[in-house]
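Chemist: Sequence first, then the predicted structure, then my questions.
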Amino acid sequence: MPAHLMYTQIAGMTVVAYLVKLIPNVEGFVILLTQTITVLYMIYYILMFTAFLRLRYDQPKRHRSFKIPGGKFGAWLVAGLGLISSAFAIVLAIYPPAQVKSEVGSPIVYISVILALVAVVLIVCFSLYQLSKKHTDWVNPNNKFAPFIWEIEGLKKPGKALSNVPTTVMSKYQAQWVCQSSVLISQTNKYPTTLLKLMKTTRFQLMKVK
């Protein structure tokens, strides 16, 4: 096991032990962890609903296996309900319960600890993401990851794409890592303009898969 990981675990457990010492009992600490996880889950759901809305605007013509009916109104209705529900769940998770004094100490400690734990997790995640952009040596060159759809379409970064190539078709190329020229040509009967453009603009070499 890497030494740096051991040091990180030791530091993390030290912080956890210190937090347990501040709480009157273990049950209160478990409640804090449970509510913190709830808040983090809801944040992830908020990100997913937001990403769904953005895809509706960035890739409006993309054919998918399932599409929420009603156009933009239906999308905003479903995503809006999800966003409101997630935000309400966060409020309920942070709101101090009636037994907070006996199990945690005070409402201020309860709210502060939850927000602090959430902040630590988010800071660590975003920090690692930013560092990964600079330290390309962290990536194992032997691992072959499938490209993103925007990479297959030849875009330099995620953005608005008017492509109508179905997600299933894109996923097929992602799984194969390379595009079969014969498959692309056979698909041009249904998606001629987009696929011909895809063949010209993609930065991945077109080659036959054995």
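Modeler: Received the coordinates, thanks. Numbers count the residues shown, from 1 in each chain.
Chemist: counting residues per helix, which one in this structure is longest?
Modeler: helix 26-58 (DSSP state H).
Chemist: And the next helix or strand past that helix?
Modeler: helix 71-94 (DSSP states H and E).
Chemist: ok, back up a step: run the angle between the longest helix of the chain and helix 71-94 for me.
Modeler: Comparing the axes of helix 26-58 and helix 71-94 via axes from the mean of the first three to the mean of the last three Cα atoms, to 10 degrees yields an angle of 170 degrees.
Chemist: Report the buried residues of helix 26-58.
Modeler: 28-29, 31-32, 35-36, 38-40, 42-43, 45-46, 49, 53, 56 (16 or more other Cβ atoms under 10 Å). Just so you know, the C-beta spots here come from the backbone N, C-alpha and C atoms, and that holds for glycine as well.
Chemist: Let me see the mean pLDDT of that helix.
Modeler: Helix 26-58 shows a mean pLDDT of 89.
Chemist: for that helix, packing partners?
Modeler: The criterion is 3 or more Cβ pairs under 8 Å, 6 or more residues apart in numbering; DSSP states H and E, and the helices and strands that helix 26-58 contacts are helix 3-22, helix 71-94, helix 100-103, helix 107-134.
Chemist: Can you say which of those helices is nearest to His63?
Modeler: helix 71-94 (15.1 Å; Cβ to Cβ).
Chemist: quick one: contacts of the closest one?
Modeler: Here helix 71-94 makes contact (Cβ atoms under 8 Å, 6 or more residues apart in numbering) with 35, 38-39, 42-43, 45-46, 49-50, 52-53, 56, 68, 70, 111, 114-115.
Chemist: remind me which residues of the chain are low pLDDT?
Modeler: 1-3, 23-24, 101-102, 143-155, 158-210 (pLDDT under 70).
Chemist: domains in it, as residue ranges please.
Modeler: 3-138, 149-201 (automatic domain parsing).
Chemist: For the closest residue to Val118 other than its chain neighbours, give its distance to Val120.
Modeler: Among residues not flanking Val118 along the chain, Val39 sits closest, at 5.2 Å (Cβ to Cβ, 6 or more residues apart in numbering). Distance of Val39 to Val120, given as Cβ to Cβ, to the nearest Å: 12 Å.
Chemist: quick one: secondary structure of Ala98?
Modeler: coil (DSSP: H, G, I helix; E, B strand; the rest coil).
Chemist: who are the neighbours in contact with it?
Modeler: Counting by Cβ under 8 Å, 6+ apart, Ala98 has no contacts.
Chemist: neighbours around the residue nearest to Ile31 when sequence neighbours are not counted, how many?
Modeler: In this structure, Ile31 finds its nearest non-sequential neighbour in Glu103, 6.2 Å apart by Cβ to Cβ, 6+ apart. By the other Cβ atoms under 10 Å criterion, the neighbourhood of Glu103 contains 18 residues.
Chemist: same thing with Ala93?
Modeler: 18.
Chemist: if I look at the nearest residue to Val109 once chain neighbours are set aside, how far off is Ser86?
Modeler: Counting by Cβ to Cβ, 6+ apart, Leu22 is the residue found nearest to Val109 once chain neighbours are left out, at 7.4 Å. The spacing between Leu22 and Ser86, counted by Cβ to Cβ, is 29 Å.
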